[in-house]
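Engineer: The following block contains a protein sequence and its predicted model.
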2 protein chains.
Amino acid sequence: MTSLSNIAPPRFDDVLAAAGRIKGHAVRTPLLEAPLLNAKLGGRLLVKPEMLQKTGSFKFRGAFNRISMIPEAQRAAGVVAYSSGNHAQGVACAAAMLGLKATIIMPADAPAIKIANTRAYGAEVVTYDRFGENREEIGARIAAERGATIVRPYDDPGVIAGQGTIGLEIAEQAAELGAALDAVLVCCGGGGLVSGTALALSEKLPGVPVYSVEPAGFDDTARSLASGSRIANDMSNRSICDALLAEKPGEITFELNRKLLKSGLVVSDAEAQIGMAHAFRYLKLVAEPGGAVALAAAVTGKIDMKGKTIAVVCSGGNVDQAAFLEALTTAGEV
Amino acid sequence: MTSLSNIAPPRFDDVLAAAGRIKGHAVRTPLLEAPLLNAKLGGRLLVKPEMLQKTGSFKFRGAFNRISMIPEAQRAAGVVAYSSGNHAQGVACAAAMLGLKATIIMPADAPAIKIANTRAYGAEVVTYDRFGENREEIGARIAAERGATIVRPYDDPGVIAGQGTIGLEIAEQAAELGAALDAVLVCCGGGGLVSGTALALSEKLPGVPVYSVEPAGFDDTARSLASGSRIANDMSNRSICDALLAEKPGEITFELNRKLLKSGLVVSDAEAQIGMAHAFRYLKLVAEPGGAVALAAAVTGKIDMKGKTIAVVCSGGNVDQAAFLEALTTAGEV
């Protein structure tokens, strides 16, 4: 893989520029709270529900910002992305809205519904054998043949800046609610969402600690923050948090995260399901497992909530019915 | 019951005043759409998700507005409401936020969770035997003894004006989305939500037809609109849409609705569940059965969606886990 170490991380001004680009195209999701949940926790929990974002996850923000930045001369060649999940839908939808052709490289054994959804947004889907082929090589080849722009899932300054608009909105909306934040918790796969959010908050609410939250077995960012350098996961581990299974922190994202994050929290799959059940009961939101880990960390005591005001990002809600029903049933009444 | 025929219905200015009162206290819920759902329907469907409102339903708006209007001298005596559902929670939460004591009269056999929730908002719950006692008489007696203000669930100008803020927001948010509405669909029990919303829209988007949506067997407003006078339901009918089981249209609400509504649509319980499944899959929202009927009407062909732009109000999400799981399972993949 090409080294990205010569690419400068985004700055706060890039997040502001992203906010201008996505305005009127992305949903300005509200910042929600539930009085009954606050009473249960003994603190104030503010939830940023990015499952309400276009395509059901925050990924639309970064994709729309990044694609908006493609120079006019390169637009006709379109964009290429590789993803089996939320990034694929975010890129496909954003490209369609901006009038660019999108090619999404997905494993041939990806759930049919995900392939169908990506096609429904107007993208061309190219499938590959995930055991015999390398998706990055396929992406690079298609991009080279067509002159298309690759839209990476997280290790791209434009993508990170787009996700960072969530941090701007949290700061503005918390102020509107009269809430002084004690901490912000953000889920973390490759780190694009948490790094962008932390970048925005470092200017808007300096001094408020930002934590990454990862599923057990995929706590590469937590361990990397502790050690000071990028550590990979054992990819034979398993988790239901399919949106958060990056192999290791991104280069650009970790460059930001090691400076901006307080530390990394970790939740089990069972705790992620408890987070989903809280989103259902108290907030009336459908969270996917990976989208619920920050909420899960708050409601299962991974951070002290007593008398505190904590904001959490719920990153997405693309979960199928069977997995959702199983999560609620397993978690029981919360 | 006291006749309300001498009480003037609210006017548009009352809705504007309500908007000023609830600002910063109620959630300004977004107006959402899902590109994949739009593609499926061949039209544009905009959803106002009031399950994201404080207490999980739109009822908070009317309650907060009405309680805010109580003169200073009467505040110490508190408020009284009778409800086993969303109105109880809306009144309890709004009263607590405004510093008034709330007494909620609930049937002794109401679900324990609803009684517990209402108490958790700080209200005193007085239970009664729904087979041997009359809740309105109990409410009137408590109100008289204490000098407390009764907050009716719908037949009150202040309550209607509060619900009408949803119409103001729909008009503003549709304009922000560049959407010219062809119709607005609103669920209907006693008619407070739909009358207030129609009142606001009659000034903000004159000429856009507004339809009530009711569950089969409880289509009193549809039949009353057709006949021109208030017709009651057969209360031996049953529906899972527990939030919409009023006996007949309110006096004040019907005075507005007969002038402002185009007509009434009706959906079956099975269609309400299909609405819930669409809210889950495409919008990542938890809708209760009654909260999903307007969405259900749009997705099951009760109104022509082809090439049209339709807004629907999803009024609430207070559904227990078992009923939600059953709805998704019954509806299947949508």
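Structural biologist: Happy to help now that I have it.

Engineer: got a list of what the residue in the stretch 51-200 of chain A positioned nearest to chain B touches?
Structural biologist: For the stretch 51-200 of chain A and chain B, the shortest gap (C-beta to the nearest C-beta) falls at A:Met51, measuring 3.9 Å. C-beta here means a position set from N, CA and C on the backbone, and glycine is covered the same way. By C-beta atoms under 8 Å, 6 or more residues apart in numbering or on different chains, A:Met51 lies in contact with A:Ser57, A:Leu285, A:Val286, A:Ala287, A:Glu288, A:Gly291, A:Cys314, A:Ser315, A:Gly316, A:Gly317, A:Asn318, B:Lys284.

Engineer: Please tabulate those in a markdown table, including the columns pLDDT, secondary structure and distance to A:Ile252.
Structural biologist: Output for those, formatted as a markdown table (pLDDT from 0 to 100; DSSP: H, G, I helix; E, B strand; the rest coil; distance: C-beta to C-beta, whole Å):
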| residue | pLDDT | secondary structure | distance to A:Ile252 |
| --- | --- | --- | --- |
| A:Ser57 | 97 | strand | 20 |
| A:Leu285 | 98 | strand | 30 |
| A:Val286 | 98 | coil | 31 |
| A:Ala287 | 98 | coil | 27 |
| A:Glu288 | 97 | coil | 25 |
| A:Gly291 | 97 | helix | 23 |
| A:Cys314 | 98 | strand | 24 |
| A:Ser315 | 98 | coil | 19 |
| A:Gly316 | 97 | strand | 22 |
| A:Gly317 | 96 | coil | 27 |
| A:Asn318 | 94 | coil | 25 |
| B:Lys284 | 98 | coil | 29 |
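
Engineer: Flag every residue of the stretch 201-334 of chain A that's near chain B.
Structural biologist: A:277, A:280-281, A:283-287, A:317-318, A:321, A:324-325, A:328-329, A:333 (C-beta under 8 Å from any C-beta of the partner chain).

Engineer: Just the buried subset of these, please.
Structural biologist: Buried by 16 or more other C-beta atoms under 10 Å in any protein chain shown: A:277, A:280-281, A:283-287, A:317-318, A:321, A:324-325, A:328, out of these.

Engineer: Tell me the one among the residues you listed nearest to A:Asn134.
Structural biologist: A:Asn318 (25.2 Å; C-beta to C-beta).

Engineer: isn't the closest one right next to A:Asn86, touching?
Structural biologist: Yes. Using C-beta atoms under 8 Å, A:Asn318 is in contact with A:Asn86, at 5.9 Å.

Engineer: Not counting its neighbours along the chain, what's nearest the residue of the stretch 51-200 of chain A closest to chain B?
Structural biologist: A:Gly317 (2.9 Å; C-beta to C-beta, 6 or more residues apart in numbering or on different chains).

Engineer: so who does the one you found touch?
Structural biologist: Here A:Gly317 is in contact with A:Met51, A:Leu52, A:Gly56, A:Ser57, A:Leu285, A:Val286, A:Ala287, A:Glu288, A:Gly291, B:Lys284 (C-beta under 8 Å, 6+ apart).

Engineer: distance of it from A:Ala292?
Structural biologist: 9 Å (C-beta to C-beta, to the nearest Å).

Engineer: Repeat that for A:Val286.
Structural biologist: 10 Å.

Engineer: any residues in contact with both of the two?
Structural biologist: A:Ala279.

Engineer: could you pull out the helices for the stretch 151-300 of chain A?
Structural biologist: A:157-176, A:192-204, A:220-227, A:251-260, A:269-278, A:293-299 (DSSP state H, counting those that start in this stretch).
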